[in-house]
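>>> next one to model:
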Amino acid sequence: MTKKEVIKKLKSQANPKNVEGMARFGINPKGTLGISISVLRPLAKKIGKDHKLALELWASGIHEARILAGFIAEPSKFTEKQMEKWVSDFDSWDVCDQVCSSLFDKTEFAYRKVSEWAERKEEFVKRAGFVLIAVLAVHDKEASDKDFEKFFPLIKKHSCDERNFVMKAVNWALRQIGKRNLTLNKKAIKLAKEIEKIDSKSARWIAKDALRELTSKK
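Presented below is the predicted three-dimensional model:
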């Protein structure tokens, strides 16, 4: 399919009422058509991997086209320059999360970008750093415990960031590391208890929420 064909198809399924609902969940309504992920994934499967098309769709600026771009881009062809361009364009948590979990975590730059982006000031770039930790903890079965323990100082340091989209990503990263195995679970619980003592509203929320899940029977 061509860029023109894909965008025409997306626009034909636009749902303004859905956009209103998405906005209530913190999704940026700008350039958004109101198409659900359940519609985008089958379309991505139909298109197949197409790196050139992915770059063209991203450049369109359309919310759903960008999510679709993350589904069809080829990680092996994705350059660091392209990665930096896309992350700087993030303006909504759902685009950030979908692209990180479908594309960025499969690139050779993933672990390095965690450390770089987590220290950045831009809200969605910083979120991307912690979302990458969370999705790598789930997807990278070959990584060692130490690969994730090295992120503990970042999680603790940035637990004081009170911006909603950053705070929730830091919490997500901590929880996913702690759910990876029993060894990391114990270490994540220890870290959460340290974070709980920090004089910060966001840090206390992150710790309390993480401990609720990490200390459960499950």
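>>> in this structure, what helix or strand scores lowest on average pLDDT?
Using mean pLDDT, DSSP states H and E, helix 16-24 stands out as the lowest-scoring helix or strand of the chain, at a mean of 86.
>>> if you count neighbours, what's buried in the helix or strand following that helix?
Remark: after helix 16-24, the chain's next helix or strand is helix 37-47, criterion DSSP states H and E. Buried residues in helix 37-47, counted by 16 or more other CB atoms under 10 Å: 40, 43, 44, 47. For the C-beta atoms, the positions are set from N, CA and C on the backbone; glycine is no exception.
>>> and what of stretch 85-99?
86-87, 89-99.
>>> now do the host helix or strand of residue 52: which elements does it pack against?
Using DSSP H and E, the element containing residue 52 is helix 51-59. Under the contact definition 3 or more CB pairs under 8 Å, 6 or more residues apart in numbering; DSSP states H and E, helix 51-59 sits against helix 3-12, helix 63-72, helix 80-89.
>>> go again with 10 Å.
helix 3-12, helix 37-47, helix 63-72, helix 80-89 (3 or more CB pairs under 10 Å, 6 or more residues apart in numbering; DSSP states H and E).
>>> okay if I get those as a markdown table plus distance to residue 204 and mean pLDDT?
Converted to a markdown table, these look like this (distance: least, CB to CB, whole Å; pLDDT from 0 to 100):
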| stretch | distance to residue 204 | mean pLDDT |
| --- | --- | --- |
| helix 3-12 | 42 | 95 |
| helix 37-47 | 32 | 95 |
| helix 63-72 | 33 | 97 |
| helix 80-89 | 29 | 97 |
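>>> make CSV out of the ones you listed and add distance to residue 194.
Shown next, in CSV, are the helices and strands packed on helix 51-59 (distance: least, CB to CB, whole Å):
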stretch, distance to residue 194
helix 3-12, 46
helix 37-47, 36
helix 63-72, 34
helix 80-89, 29
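>>> picking that back up, pull out the buried residues from the helix holding residue 52.
Those would be 51, 53, 54, 55, 56, 57, 58, for helix 51-59 by 16+ other CB under 10 Å.
>>> and for stretch 202-218?
202, 203, 205, 206, 207, 209, 210, 211, 214.
>>> now could you export just the CA positions of it as CSV?
Below are the C-alpha coordinates for stretch 202-218, written out as CSV (Å, rounded to 0.1, in the frame of the first residue of the first chain):
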residue,chain,number,x,y,z
SER,A,202,5.3,11.3,43.3
ALA,A,203,8.0,9.1,44.9
ARG,A,204,5.6,8.0,47.7
TRP,A,205,2.9,7.2,45.1
ILE,A,206,5.3,5.2,42.9
ALA,A,207,6.6,3.2,45.8
LYS,A,208,3.1,2.5,47.3
ASP,A,209,1.6,1.4,44.0
ALA,A,210,4.6,-0.7,43.1
LEU,A,211,4.7,-2.4,46.5
ARG,A,212,1.0,-3.3,46.3
GLU,A,213,1.7,-5.3,43.2
LEU,A,214,5.2,-6.6,43.9
THR,A,215,4.2,-8.0,47.4
SER,A,216,1.0,-9.6,46.2
LYS,A,217,0.6,-13.4,46.2
LYS,A,218,0.7,-13.4,42.4
